[in-house]
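Engineer: 3D model of this:
(chains A, B, C and D)
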There are 2 protein chains.
Amino acid sequence: MTDTYGNMHRRLTDYMRDHGLKLTRQREEILSRFVELGKHVTVEELLHAVRQVSPGVGHATIYRTMKLFVDSGVASERHFLNGPACYEPGEHHEDHHDHLICTACRTIVEFENDAIEQLQNEVATQHGFELKHHKMELYGLCPACRGA
Amino acid sequence: MTDTYGNMHRRLTDYMRDHGLKLTRQREEILSRFVELGKHVTVEELLHAVRQVSPGVGHATIYRTMKLFVDSGVASERHFLNGPACYEPGEHHEDHHDHLICTACRTIVEFENDAIEQLQNEVATQHGFELKHHKMELYGLCPACRGA
DNA sequence: TTGATTGCAAATAGTTTGCAAGCTC
DNA sequence: GAGCTTGCAAACTATTTGCAATCAA
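Structural biologist: Down below sits the predicted model:
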């Protein structure tokens, strides 16, 4: 299941229909900007982008809408470097990628590693846990910042 | 290097001497309570414990002191479940343990896994990163909460 | 029309900071 | 005595919530 605008819009409208919620101008607008901005968007960035088109939108609306997006599986929330939350397309529990983060320039690179996932499951099982999801972030210097 | 009170106290006083800082009653007190309380202590918990002995201490002092502890390598800071920061003895970059966290009762179990560490290093190298440290949290249900 | 949604402002949680008074070296 | 520290209050950042007005179905 790819995260195209069409798929996400459908997932969102399905979710709203099933929960008696309404498709508003703001929600449509926020979804467009969210998809446009791509990965790792903060509420502030999203608000800025949305206000270029609809100046009146309040930040509470972005917060509420992003929560709705997360609940409907259209977005997932991440927290890096104890900064503000940022969002990326797709469901947290569906995708299995982690992040490499440059501590100097804050560049974020995504990666996937099945062997690590496998070991994580083993660790959880060893401790009697039923694993739901995980969070793994590797911090270091990216190639550019190592050279500098 | 074990994290006994004596070692930590020495590390802290060395750091303070080298930086022209002063050993105050509050700092001594906070270090004792910190060691006493053990792992994963929040500022609020620490403040409560310290005030049992020294009622006048303000929370700003705890925040400032914990920052000092982190800088001197006596404590390291963690962030779980986007809650408040919590602290544990020892330097972040020195130890190599990660956490299993119960999403129901917030129990925290520590573990270490060299194979995962190894793979993390490989991933970083593949992307040209120089790995400094990492953060890995596995979320799920602990044995007790699975039964419930 | 009905009830979900919005924007605003105020509230909240966690943390930091300015400043006068106090304490350590 | 010099200057680091403290406690308090105020500021700040990220986020949530109450509420009257507005809008979607």
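Engineer: where along chain A do the strands fall?
Structural biologist: A:41-42, A:75-79, A:85-89, A:98-102, A:108-111, A:130-141 (DSSP state E).
Engineer: show residues contacting the second one.
Structural biologist: Put plainly, it is strand A:75-79. When contacts are defined by CB atoms under 8 Å, 6 or more residues apart in numbering or on different chains, strand A:75-79 is touched by residues A:34, A:40, A:66, A:69-70, A:85-92, A:95, A:99, B:79, B:82. Where you see a C-beta, it was placed from the backbone N, CA and C, and this is true even at glycine.
Engineer: and the buried ones among the residues you listed, selectable in ChimeraX?
Structural biologist: Only the buried entries of the contacts of strand A:75-79 go into this ChimeraX selection, using 16 or more other CB atoms under 10 Å in any protein chain shown:
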select /A:34,66,69,70,86,87,88,89,90,91,92,95,99
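Engineer: out of the contacts of strand A:75-79, which touch DNA strand D?
Structural biologist: A:Ala85 (CB under 7 Å from any atom of the strand).
Engineer: what residues of the lowest-mean-pLDDT helix or strand in chain A count as buried?
Structural biologist: Sorting the helices and strands of chain A by mean pLDDT, DSSP states H and E puts helix A:143-147 at the bottom, at a mean of 86. Neighbour counts over helix A:143-147 (16+ other CB under 10 Å) mark A:Cys145 as buried.
Engineer: that helix and chain B, are they touching?
Structural biologist: Yes. Using CB under 8 Å from any CB of the partner chain, we find that helix A:143-147 touches chain B at A:Pro143, A:Arg146.
Engineer: so which bits of chain A are right by chain B?
Structural biologist: Residues of chain A found near chain B (CB under 8 Å from any CB) are A:79, A:82, A:85, A:100, A:102-103, A:109, A:111, A:113, A:115-116, A:119-120, A:123-124, A:126-143, A:146.
Engineer: doesn't A:Pro84 make contact with A:His40?
Structural biologist: No. A:His40 lies out of contact with A:Pro84 (CB atoms under 8 Å); the separation is 11.0 Å.
Engineer: about what we covered before: in PyMOL, how would I select just the buried ones from the residues of chain A next to chain B?
Structural biologist: This is how PyMOL selects the buried members of the residues of chain A next to chain B, with burial counted by 16+ other CB under 10 Å:
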select buried, chain A and resi 100+102+103+109+113+116+119+120+123+124+127+129+131+133+134+135+136+137+138+139+140+141+142
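Engineer: wait, A:Leu21 sits on A:Leu68?
Structural biologist: Yes. Using CB under 8 Å, A:Leu21 is in contact with A:Leu68, at 7.4 Å.
Engineer: these two - which one has more neighbours?
Structural biologist: A:Leu68 (19 against 15; other CB atoms under 10 Å in any protein chain shown).
Engineer: still on that earlier bit, and the least confident helix or strand of chain A, what other elements does it pack with?
Structural biologist: Using 3 or more CB pairs under 8 Å, 6 or more residues apart in numbering or on different chains; DSSP states H and E, no helix or strand is in contact with helix A:143-147.
Engineer: what's that helix in contact with?
Structural biologist: Against helix A:143-147 from outside (CB under 8 Å, 6+ apart): A:Cys102, A:Ala104, A:Cys105, A:Thr107, B:His127, B:Gly128, B:Phe129, B:Glu130.
Engineer: dump the C-alpha coordinates for that helix into CSV.
Structural biologist: Extracted as CSV, the C-alpha positions of helix A:143-147 are listed here (Å, rounded to 0.1, in the frame of the first residue of the first chain):
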residue,chain,number,x,y,z
PRO,A,143,29.3,12.3,5.4
ALA,A,144,29.2,16.0,4.7
CYS,A,145,29.7,17.0,8.4
ARG,A,146,32.5,14.5,8.9
GLY,A,147,34.4,16.2,6.1
